[in-house]
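Engineer: the following comprises the amino acid sequence and a computationally predicted model.
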Amino acid sequence: MERLMQYVWQHRLLLPVDLNTVDGRRVSVIDPGRLNTDAGPDFFNAKVRIDGHLWVGDVEIHVRASDWHRHGHDGDPAYDSVVLHVVDRDDTLITRRNGEVIPQMVMACAPEFNQRYNDLVGRAATELPCAAELAAIPSIYVSDWFTALAFERFHEKSDRILHLLSSMADDWQSVCYITVARALGFGINGEPMERLARAVPLRILHKHADSPEAVEALLFGQSGLLDRAPADDDYAAMLRREHAFYVRKFSLTQPQPMGWKMARMRPPNFPHRRIALLAALVTGGYRLLDDIIHAESAEAAIEMFRVPLTGYWSRHFTFGPEADAHVPSTLSRSSAIGLIINAVVPLIMAYGRRHGNDDMWHHGFQLLTELPPESNSIITLFASAGMKCSDASMSQALIQLRRAYCEPRKCLYCRLGHRLLSARARR
């Protein structure tokens, strides 16, 4: 409730009625001040006029006036600068340490505003509580917010890459390798794929990049998946022998447990196939970063990952007998698009930020607009509310909206939620 009151005060959503202190003095809010998220009064440097006199200072907000004493503000010098105490319930007078009474005002807000807020944040996590009203919001507000959300999402993605870069002594090739490996996990196996890439550094793979078997032995051996391979699989047995040699040569330690997931997964998406693709990208030398930062179009970026799997992996989904069903020779187009969204574009944007090149950031965003929207439960949820996706930038915006605002119930910080709530605050 107190956070909601702070929101009303910050965004000037008080009812357009005459405002008065509890002892009858006229109040005009000139500047609500700056919200304070640390210790001390709720708003700094506010400007209010009380009975014609201008007061410049801090504003404190409480549900009950008596919370002032309950929180110990009456003995805290930080609160001597409070010029107005805003409350929902006036149950006592409050004073500074020297005994001076602080002006107090009951917040004026529409009666149904609090109920509307509770309706939004109190629904089940699977619901979209504002669904019935989204279609009525003018498109200009929606498009502006979605653009901001997409930028917010990719700023977070590039932040992660830059943090990884700082921990790896500015080794962009290794950062690219780890980022692509994580993206190849496609969410469900993203963490194990990143752990695998860290367990087999790119510098070691480069030493044996001319041998596909050596690269696969290093990656599959460190993944732990070789331990599950049937004893009569000759290829897996060869990889085990190779891996044992490299463990001694490079003093490798296998991370435990890896946590690979395969339940309810289509065979082409098994982690074995993703590791085989990572090995194919490394074989012959890993030069993907240069191709990524110079990708002229989304289509060119997609082709980077349509590397054919040959030999053993052209006939297998996992270790063991050959597959009965058709085994795709390359990554599906939709999966390649997922890699562009989750690896290529974030790498381009992070590289641009690191080198002060704003054009690269905008180029990365342009690639998103060339890609079709993703298809998942979040996109379906918003589509049912009339929010249709036109491209990948919009689908990423919707994912950011759902993950960062809807699920944690941050309706107060969502521009759409703000518009819906502010309309109710003044009724």
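Structural biologist: Cool, the structure landed. Computed from a predicted model, the values in this text were never measured in an experiment. Residues are numbered from 1 along each chain as shown.
Engineer: and the helix or strand of the chain with the lowest mean pLDDT, what does it pack against?
Structural biologist: One helix or strand of the chain scores below all others by mean pLDDT, DSSP states H and E: helix 113-121, with a mean of 72. Using 3 or more Cβ pairs under 8 Å, 6 or more residues apart in numbering; DSSP states H and E, the elements in contact with helix 113-121 are helix 2-10, helix 415-425. For every residue, glycine as well, the C-beta is placed using N, CA and C.
Engineer: pull the CA atoms of the last one into PDB?
Structural biologist: The C-alpha atoms that make up helix 415-425 are tabulated as PDB, following Å, rounded to 0.1, in the frame of the first residue of the first chain:
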ATOM      1  CA  ARG A 415       4.100   2.100 -19.200                       C
ATOM      2  CA  LEU A 416       0.900   0.200 -20.200                       C
ATOM      3  CA  GLY A 417       0.100  -0.500 -16.500                       C
ATOM      4  CA  HIS A 418       0.800   3.100 -15.600                       C
ATOM      5  CA  ARG A 419      -1.500   4.400 -18.300                       C
ATOM      6  CA  LEU A 420      -4.300   2.000 -17.100                       C
ATOM      7  CA  LEU A 421      -3.800   2.900 -13.500                       C
ATOM      8  CA  SER A 422      -3.400   6.600 -14.000                       C
ATOM      9  CA  ALA A 423      -6.800   6.700 -15.800                       C
ATOM     10  CA  ARG A 424      -8.400   5.200 -12.700                       C
ATOM     11  CA  ALA A 425      -6.600   7.400 -10.200                       C
END
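Engineer: taking helix 113-121 as reference, get the angle to that helix.
Structural biologist: Put simply, helix 415-425 runs at 150 degrees to helix 113-121, going by axes from the mean of the first three to the mean of the last three Cα atoms, to 10 degrees.
Engineer: what's the single longest helix in the protein?
Structural biologist: Taking DSSP state H as the criterion, the chain has its longest helix at helix 139-167.
Engineer: got the buried residues for it?
Structural biologist: For helix 139-167, a neighbour-count test (16 or more other Cβ atoms under 10 Å) marks 142, 145-146, 149-151, 153-154, 157-158, 161-162, 164-165 as buried.
Engineer: now stretch 254-262
Structural biologist: For stretch 254-262, the neighbour count (16+ other Cβ under 10 Å) marks 254, 258, 260 as buried.
Engineer: same check on stretch 292-310?
Structural biologist: Neighbour count says stretch 292-310 has 292, 293, 295, 298, 301, 302, 304, 305, 307, 309 buried, by 16+ other Cβ under 10 Å.
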